Every structure is written in structure tokens, then in C-alpha cells.
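>>> sequence and predicted model, in that order:
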Amino acid sequence: MPTRNSSDVIIVGAGVVGAACAHYAAQAGLTVTVVDRGSVAGGTTGAGEGNLLVSDKEPGPELELALLSITLWRELADLLPPRIEYEPKGGLVVAADEPGMRALRDFATRQHKAGITSEEIPGEGLHDLEPHLAPGMAGGFHYPQDAQVMPAHAAAHLLRTGGDRIRLRLGEEVTGLLTGATGEIRGVRTAIGDIHAPYVVNAAGTWGGELARLAGVELPVLPRRGFVLVTEPLPQVVRHKVYAADYVADVASGSAALQTSAVVEGTPAGPVLIGASRERVGFDRTLSTEVLRRLAAGATALFPLLAGVRAIRTYAGFRPYLPDHLPAIGPDPRVPGLLHACGHEGAGIGLAPATGLVIAACLTGGEPPLDIRPFRPERFDPPLL
């Protein structure tokens, strides 16, 4: 088991990605110390909606990671307690007009070639899936592989699966990395003391760039702010994750400006979660009434019934954004012993299991379950002349 000051690997970050890395590393027989300056799921994970999506991803490396994660989440749902609220309820993407439907149809065709299951739903069939959806929609696509989970509970229970192989050190900020004579990782330094290990995993989310700089390398992680509106508890008004077609374009956009698109989903506890907004404003948590107005307008356009429902709270979070919209996963060749598992933007909860499995394979000398070259951390370095 890990001691107070040493283990086989140190994972910096107790969000769902760090928790998944710890889970799979412990499964592989390693002892793990998870360090976080806050609490379990105290950052981006705790502000997430719990989306496990394939419906919003273009064919490519991220979609491959998502497909593997969907399979792993099903396995984890059998292992973890019901409190994680895993729901394989599927997603429904809707279009208001025929041009929007053509775009969804083209997107679904490309996804189908990559192994994604979807079904075109004509406008008159949408109410069979969502009885309270606004009338007059042109149609949509149903994605049965989409699911949802309660992210904070999922992170907490992933950390418990390792038993005494996983030690938590919460409320400790990493202030430096310990290195050997040739620059190899030897552990981390915190305000409380040094922790020793031959490997450090950067699962620090939106602060992943800061941790990388402590190691003397650049990883251009930036925070991308988003708000979520939460309604009073309701009967099952929204059965699937439902979102408007423009959400896919917003996810793929690199714009720093405010973007909003309607995303609505119910929860087992009753409240309806309403998103989504994206903007790069640093770590500014100031409440934006303009964002909330747009979110409410988008949600009621999809579900008019929500116009008479109270929003009881709102919260903000920061997605860890990298310029090419792909996370950094795997060993950093610039610093022996340093690995990265960050930069997943808004998909970290969905992509966490596959990320953790990849990191565990890298730590133990195994073969990663997919090609990790697109996620290499050093890809942002300027080319050598």
C-alpha cells in the first residue's frame, strides 16, 4: 500500500479523470497517491452535467476514445454503486428546419462509418421520444449510445475501488516537482511536505498548464467558462439528453466569444439541467445574467413547459480547453516520469475511463487500448528549425 510519503505513482487532481487514472492504476497493481489542493470533484467535475456522449463528436481520435469509454462506463456501472446514477438513456439531437436536418444527416452518415449507432426521427415522430418537445421541429437523430452519470459521485466511488492501494491527500497544493540528477521525476512538493514516486500524472484539469510549467514544459490549457441552470424537481419531463443541432458546432469552435446552444436533460433526482454556454474569460466566476437569459430562452424554445418552472440555482465551471480540442494523454518525452491526462474540455467525464486505462497501460509498460499519438502532450511545441 502507499505510505504517507511514497507510492508507485502520484496523480495530481481528484476529479473524475484523476479518479479513473487512480482506479485503473490500482487495478494494475500499482500503489497510488492522489493529491488535490481542494476536494474530490471540487473543480470541473463537480460543475459538470455528467454527459457520456458520442453524438457530438466528429469521426477521429476523440470519438474513438469516447466509444471505448462508453463500453468502460457500462462495466463501471456494474462495479460501482447505484449512487453514481448511471443512465443509458440515449441522446436526441433536434433540428428546427430542413437545412438543419440535412446537416444532422450528413453528420450522422460520417459517424455511422466510425461505428456510431443513430436513427433518423421525422418531425412527427419526435413526440414519441419526448412528449413535451415543442411542436413544429423538422426532425432529429436519436443516439442510443449516449448516457449520463452523476460525476461527483462517480469520481468518489472510483477512488474507493482501489481500497488501501489509493491514498488521498486533499487540501494540499502541489508547489513543485521533485526531479533527479538527469531531470527524471522523483515526486512532488506540497505545502505540507514532499511525496515521492517515480511517476507523476497531471490530471489537474484547467490547472494542467500550471502544473506542466512547474515541470518546465508548456501545455497550453485554458479555462473555458460555462453555466448550468437547475430547475426545481419535476416529474419525468425530459427523457433523453436533448440538444439543438448548433450545439455540435459550438463544441468544435475555438472562439473565445460567448456561445450558447440549447441543451436540456432530466436527472433521476428530478431537477432538469439546462446548458450550454462557452466563453473564454479566464477564471472569472462572475454571474452573467445575459448567459442565463440565453440558456432559459433556448430551453423553453425546446420545451415550452419549462417556461412555467422555477430555476432554483445556477453554477459555473471551467472546461480545460486545448487549441485542437483534443486532450493531452500519455507520457511527456520532455520530462521522464511525467504523464498527462488533462485538456478534455467539456468531455472529461465521458472520456475519463478510457483515459485512465491508457495511463495505466503507460505506467505498467502495457499496450494502450488505442493509438495515443494524436494526444501526445508535446504536439504544441514549435517545430525545430
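Here it is on my side, so go on. Residues are numbered from 1 along each chain as shown.
>>> what ranges do the helices span in the stretch 51-200 of the chain?
Assigned by DSSP state H, counting those that start in this stretch, the stretch 51-200 of the chain shows helices spanning 61-79, 98-113, 126-129, 151-160.
>>> tell me what angle the first one forms with helix 98-113.
For helix 61-79 against helix 98-113, the angle by axes from the mean of the first three to the mean of the last three CA atoms, to 10 degrees is 70 degrees.
>>> residues of helix 61-79 that come out buried?
Neighbour-count burial for helix 61-79 flags 61-70, 72-73, 76-77 (criterion: 16 or more other CB atoms under 10 Å). Quick note: C-beta positions are derived from backbone N, CA and C, even for glycine.
>>> coming back round to it: so which of the helices of the stretch 51-200 of the chain gets nearest V221?
Distance to V221, taken as CB to CB, is lowest for helix 61-79 among the helices of the stretch 51-200 of the chain, at 16.0 Å.
>>> what bridges to V281?
Beta-bridge partners of V281, counted by DSSP bridges, are F283.
>>> number of residues surrounding it?
Using other CB atoms under 10 Å, V281 has 14 neighbouring residues.
>>> cool, and G193?
11.
>>> what of Q111?
Residues near Q111, counting by other CB under 10 Å, number 21.
>>> so it touches E64, yeah?
No: using CB atoms under 8 Å, Q111 is not in contact with E64; the gap is 11.9 Å.
>>> after the helix or strand bottoming out on mean pLDDT in the chain comes which helix or strand?
Least confident helix or strand of the chain, by mean pLDDT, DSSP states H and E, is helix 246-252 with a mean of 69. Counting by DSSP states H and E, the next helix or strand C-terminal to helix 246-252 is strand 259-266.
>>> helices and strands around that next one, which ones?
strand 241-244, helix 246-252, strand 272-278, helix 289-302 (3 or more CB pairs under 8 Å, 6 or more residues apart in numbering; DSSP states H and E).
>>> hmm, who's touching it?
Strand 259-266 has contacts (CB atoms under 8 Å, 6 or more residues apart in numbering) with 49, 148, 234, 236-244, 246-247, 249-250, 253, 272-279, 291, 294-295, 298-299, 301-303, 306.
>>> closest to P320 out of the buried residues of helix 61-79?
E62 (13.9 Å).
>>> so how far is A47 from that closest one?
Using CB to CB, to the nearest Å, E62 is found at 21 Å from A47.
>>> and if you look at A19?
16 Å.
>>> so which of these two has more stuff around it?
Between A19 and A47, A19 has the larger neighbour count (other CB under 10 Å), namely 31 against 19.
>>> thought the more buried one was touching R160?
No: using CB under 8 Å, A19 is not in contact with R160; the gap is 9.3 Å.
>>> low pLDDT regions in the stretch 1-150 of the chain?
By pLDDT under 70, the low-scoring segments of the stretch 1-150 of the chain are 1.
>>> how about the strands of it, start to end?
9-12, 32-36, 51-52, 91-95, 119-122, 139-143, 147-148 (DSSP state E, counting those that start in this stretch).
>>> for the buried residues of helix 61-79, which one is nearest I195?
L76 (27.3 Å).
>>> pretty sure V228 is touching T267, no?
No: if you go by CB under 8 Å, V228 and T267 don't touch, sitting 11.4 Å apart.
>>> quick check: neighbours shared by the two?
Residues touching both V228 and T267 (CB under 8 Å, 6+ apart) are L273.
>>> nearest spatial neighbour of V34, chain-adjacent residues omitted?
Closest residue in space to V34, ignoring its immediate chain neighbours: I11 at 4.8 Å, by CB to CB, 6 or more residues apart in numbering.
>>> what of G298?
Per CB to CB, 6+ apart, closest to G298 is A262, 3.2 Å.
>>> tell me the spacing between that neighbour and A245.
A262 is 10 Å from A245, by CB to CB.
>>> repeat for P88
P88 sits 23 Å away from A245, going by CB to CB.
>>> cool, V228 as well?
Counting by CB to CB, the gap from V228 to A245 is 20 Å.
>>> just L72 next, same as before
For L72 relative to A245 (CB to CB), the value is 28 Å.
>>> check G350 too.
Distance from G350 to A245, counting by CB to CB: 20 Å.
>>> between those two, who's got more neighbours?
In this view G350 and A245 are compared by other CB under 10 Å, and G350 has more residues nearby, 29 against 22.
>>> pretty sure the more buried one is in a helix, no?
Yes: under DSSP: H, G, I helix; E, B strand; the rest coil, G350 falls within a helix.
>>> with adjacent residues omitted, what lies nearest to A41?
A152 (3.9 Å).
>>> neighbours of the one you found, how many?
Neighbourhood size, A152 [other CB under 10 Å]: 21.
>>> residues contacting it?
V40, A41, T45, G46.
>>> ok, now with 10 Å
15-16, 39-42, 45-48, 50, 84, 349 (CB atoms under 10 Å, 6 or more residues apart in numbering).
>>> of those, just say which sits nearest to G343.
G15 (12.5 Å).
>>> and the nearest residue in space to that closest one that is not next to it in sequence, how far from A262?
Counting by CB to CB, 6+ apart, the nearest residue to G15 once its immediate chain neighbours are dropped is T45, at 3.8 Å. From T45 across to A262, the span is 23 Å (CB to CB).
>>> gap between the two ends of stretch 144-153?
Stretch 144-153 has an end-to-end distance of 23 Å (criterion: CA to CA, to the nearest Å).
>>> kindly report the same for stretch 261-274.
10 Å.
>>> quick check: the residue nearest to G15 touching N51?
No: checked against CB atoms under 10 Å, the pair T45 and N51 is beyond contact range at 11.9 Å.
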